[in-house]
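Participant: I need the structure of the sequence given here:
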Amino acid sequence: MYQVLARKFRPQNFSQLVGQSHVSRALSSALSRGRLHHAYLFTGTRGVGKTTIARILAKCLNCETGVTATPCEQCNVCKSVNAGRFIDLIEIDAASRTRVEDTRELLENVPYAPTQGRYKVYLIDEVHMLSTHSFNALLKTLEEPPEHVKFLFATTDPQKLPITVISRCLQFTLRPLAKDEIFHHLDQILNTEQIEHESDALWQLAESAQGSLRDALSLTDQAIAYGQGQVATQDVIDMLGLIDQTLVFDLLDAIHQNKKGVVAQLVQHMRQQAIDVQHVLEQLISILHELAVMQILGDVNHTQTVQNADYKMKLAKQIQAQDLQLYYQIAVQGRADLSLALTPEQGFEMCIMRLLAFRPLSVNEVIQPTIEHTTVAQNVISDTQIAEQNRNLSDEPHHERHVESLNEQVELESQKLVKHELQNQQLETHDVELALTQEVESSTEAMQSETDINIEAQIENSPKLNIEETNQQNDTAQELIHVQEIQQEKLEPEPVQSEVLQPELARLEPIQNDDFQEEIDTHETVNQKFISEQTISQQEEVVVSNPIEMQNIEDPRTLLQPQIQTLEGEWDVAKWDYWIRQSSLSPAVKELAQRGVMQGEIARKSTLHIEANYLNMLQNFLPDLKDALTALNPNIQLELSDTVLDSDSPIQLQQQRKQHAYEVAEQLICSQNVVKQLQAQFQAELIDLKLKT
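Facilitator: Residues are numbered from 1 along each chain as shown. Below is the predicted model of the structure:
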């Protein structure tokens, strides 16, 4: 009777396992050293060996030669396990026995000793299918089972297991198998079975298995039947509905070479063959990834045919790294957008058009800014033409030299345009300055002539000169002189403008009249005195109306600080108070120390007089106080004295300073105009005043 390859070539010991070396090594070491756990949990995707490893472990535990990592395969136990009829290996399908009654029935037989073997092994497959009540019923027995019982759990979804079950098991995670591991195992099996096969066909089967060895063996059985006793590449492609990777290589090469006609033919061919476009896009993404790896890390992937290796090596040399990265991002995003498109074919074709439309700038390709000047624009090649010529000349030997010449031409014309615009701006600026100068000169002459006439008329006709009007006219003349000076500084490089200003400056010299000048000086003195008094009063009003500036003049918070003292000679209350405030003592020690008075010499014997109730509390902090005083003067000798104080202490001084600071703060606040209005209109009162430091 024919037996499928997945069952016929099931591994019988740890040495025959394909992959999973981390699991076989750990279990072999535990069996050899006798460090066996009572519960094992094997997790992983389908067809990676969970049940197989559990059966091998059951065989190793019950082999007649003893507990060993290499069962003999000759005894009745090994043969029974291989045949699936070992009575002490209880295999349970949790998917068909999910009820709590089934679990209770199972647990009722746990206390009984094994019938044939050394251990009674419970192999529960797809254990995550058990109900919550079944898990709860299993917990106590799973935590402390009898010595002759071993639990082996297998699951493809460990996230559904309660954490209470996982914590009671020794967990092993089986990884999906690599393509080369599956390929070599299939090659070995087909050679043993003497079946003709092609390497490319085995690579296709290994890739389609997606890490599952059982799937690979099942597909191989199907390929043998489809190929009438042999495994051929074309048969595997037709059987699985795959596409030839050569089609993907040609598509990628046409996209990179910007051969839109070839791309259109390949897309039309895919439509006619009804090829799965999602699979094509996935193949394209996989190839782009392999090309990027080859460019950066070298040919580290040897799991490919010779033909594919040649294709990939050729594309890796042609396509630049930045192009590969852009293609990969567009393809990945296009695959994600397939579900959003009206049809998968539409989404695939839009992705191909994006691959054609976008590309990074080449090494010698630059984007020039748009030039608006019509004359220069006629002589400059547009950015689109430059990009098109760069793309068309990508295979020509003199491409770089031609691109550089085009870029130099664009840069030269741009510089000419900028120079021309700067010259126009300078001419316009010069014209504006000349017009402004002429306007100022004409207005100056008119005002000065009018001023001279008014002054002369007043001197001749009025015995008493109106000092205020004369002063205003004089100020006007001074302002005009100032304008003339500024204008002269701006136009100093122009000799013509200087000659124009000289007569005007000569006409505006002070009036040579002693009596008139004396009256003007007297009036200016009175004016300055009046202005200075008015300025002082305005400044006082600003100070009163601005509380921030008032605080800067006298901040009440500064009154809370003691006056600076020189810590030498004899102690007094002021020195002791100042030292406490600026010391590094903790707040608790400062609070106690300020309730006493220090007497004696700072450099010698010092006595702290403090009341009895505070003295007892200060004893706990005495080392800290001595250390701080020693830092002040190493020769100081501190003693404590229980004394009823009859003089002010630092805490009383601080209270006096605080009271004074609050009084000053209240006065400053009440002097504000806003506060005065509130007090006058609403009988407002200032309460709960606080000074934040």
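Participant: Let me see the ranges of the helices in the stretch 51-200 of the chain.
Facilitator: For the stretch 51-200 of the chain, helices defined by DSSP state H, counting those that start in this stretch occupy the ranges 76-83, 100-108, 132-143, 163-166, 179-193, 199-209.
Participant: So which of these is nearest residue 339?
Facilitator: Comparison of the helices of the stretch 51-200 of the chain against residue 339 by C-beta to C-beta identifies helix 199-209 as nearest, at 22.7 Å. Just so you know, the C-beta spots here come from the backbone N, C-alpha and C atoms, and that holds for glycine as well.
Participant: any idea of the mean pLDDT for the helix or strand just after the closest one?
Facilitator: Going down the chain from helix 199-209, the next helix or strand is helix 213-226, by DSSP states H and E. Taken as a whole, helix 213-226 has an average pLDDT of 93.
Participant: With stretch 598-614 instead?
Facilitator: Predicted confidence along stretch 598-614 averages 86 (mean pLDDT).
Participant: quick one: buried residues of that stretch?
Facilitator: Neighbour-count burial for stretch 598-614 flags 598, 599, 600, 602, 606, 607, 608, 609, 610, 614 (criterion: 16 or more other C-beta atoms under 10 Å).
Participant: Okay, and which of those map to strands?
Facilitator: 598, 599, 600, 606, 607, 608, 609, 610 (DSSP state E).
Participant: So the fifth one sits against residue 639, correct?
Facilitator: I take that to be residue 607. Yes. Residue 607 is in contact with residue 639 according to C-beta atoms under 8 Å; the separation is 4.7 Å.
Participant: Touching both of those two, which residues are there?
Facilitator: Here residue 607 and residue 639 have no joint contacts, going by C-beta atoms under 8 Å, 6 or more residues apart in numbering.
Participant: Centre of the chain to stretch 579-591, how far?
Facilitator: Here the centre of stretch 579-591 is set off from its chain's centre by 45 Å, with C-alpha atoms, centre = their mean, to the nearest Å.
Participant: Check which residues of it are buried.
Facilitator: Applying 16+ other C-beta under 10 Å to stretch 579-591 flags 579, 580, 583, 585, 589, 590 as buried.
Participant: again with stretch 110-117
Facilitator: Quick answer for stretch 110-117 (16+ other C-beta under 10 Å): 110, 117.
Participant: now do stretch 24-35
Facilitator: Using 16+ other C-beta under 10 Å as the test for burial, stretch 24-35 gives 24, 27, 28, 30, 31.
Participant: Quick check: which ranges of the chain have low pLDDT?
Facilitator: Where the chain drops to pLDDT under 70, the residues are 299-307, 361-554, 693.
Participant: How many neighbouring residues does residue 101 have?
Facilitator: Using other C-beta atoms under 10 Å, residue 101 is surrounded by 11 other residues.
Participant: gap between it and residue 108?
Facilitator: Look at residue 101 and residue 108: by C-beta to C-beta, to the nearest Å, they are 11 Å apart.
Participant: just to revisit the earlier point, looking at the buried residues of stretch 579-591, which one is closest to residue 141?
Facilitator: Closest to residue 141, out of all of these and judged by C-beta to C-beta, is residue 589, at 63.8 Å.
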